[in-house]
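> Fold the following, please.
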Amino acid sequence: MARTWLSVQVELVHGRGQDFWSRPGRVFAAARSHTFGQLSRAIDIAFARWDLAHMHMFTFADGTEVSELDHWDGEEPEGMLGSSTKLSRLQPGDQFAYVFDFGDDWSHLCTVGTEKIDPANKLGIVPDEPLPYWGWGELPDQYGRRWADDDGSSRVPEGTQQPVARPAAAAALVGPRRR
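Below is the predicted model:
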């Protein structure tokens, strides 16, 4: 019997003061028994975020919000649902927003697919948490860094452009091919 999971498309709309078009996106397989906390972690990892110590929140068309309640320092908005809320509240075609890092406002548009999916067929496994199975677009760095030591606002230093390695040069870096 085929499992029937949700397919949730997540597109990055805005972040760090920049609107994105075309929008980078990922499509996730998610069980109705997964939580919004699990979905938020999956989104953040799939969008290449490594500093996960930021507040985040889902907001639905009816104004309902889902967030980590213990992060609000006793100021949690009235009526907010906790991140342990299950995805079972979602219906095919629903759209909702996800915002990560209230300072940089990484804003995403999430759309629940109209067709259920079988994760074993789509992913080849049945994961314990939501997992992306399709994606597109260039992902911006969480802090705007362009190289390892970049502070996010410096100009590229003169004379530091590295030539692109050709396949033969790259092979020389890793050694002979083993068969």
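> Spatially central residue in the chain, please.
The residue lying closest to the centre of the chain (CA atoms, centre = their mean) is residue 43, at 2.5 Å.
> contacting residues for residue 142?
48-51, 101, 104, 106 (CB atoms under 8 Å, 6 or more residues apart in numbering). Glycine gets a C-beta too; all of them are placed from N, C-alpha and C.
> Ranking by neighbours, what's the top pick from those residues?
Compared across the contacts of residue 142, residue 106 has the highest neighbour count, 23 neighbours, by other CB atoms under 10 Å.
> how close does that one get to residue 97?
According to CB to CB, to the nearest Å, residue 106 and residue 97 sit 11 Å apart.
> the helices in this protein, which residues?
36-46, 119-123, 167-174 (DSSP state H).
> By mean pLDDT, show me the worst of those.
Sorting the helices of the chain by mean pLDDT places helix 167-174 lowest, at a mean of 60.
> check contacts around the closest residue in space to residue 15 that isn't next to it in sequence.
Residue nearest to residue 15 in three dimensions, not counting chain neighbours: residue 106, with 4.0 Å by CB to CB, 6 or more residues apart in numbering. Residues near residue 106 by CB under 8 Å, 6+ apart: 12, 14-16, 47, 49, 99-100, 142.
> Name the member of the residues you listed with the most neighbours.
residue 12 (24 neighbours).
> Wait, it touches residue 20, no?
Yes: contact criterion CB atoms under 8 Å: residue 12 and residue 20 qualify, at 5.4 Å.
> Residues that sit against both of these two, list them.
137, 140.
> on that earlier part again, tell me which two of the contacts of residue 106 sit farthest apart.
14 and 49 (14.9 Å; CB to CB).
> Tell me how far the residue nearest to the centre of the chain lies from residue 6.
Residue 43 is 14 Å from residue 6, by CB to CB.
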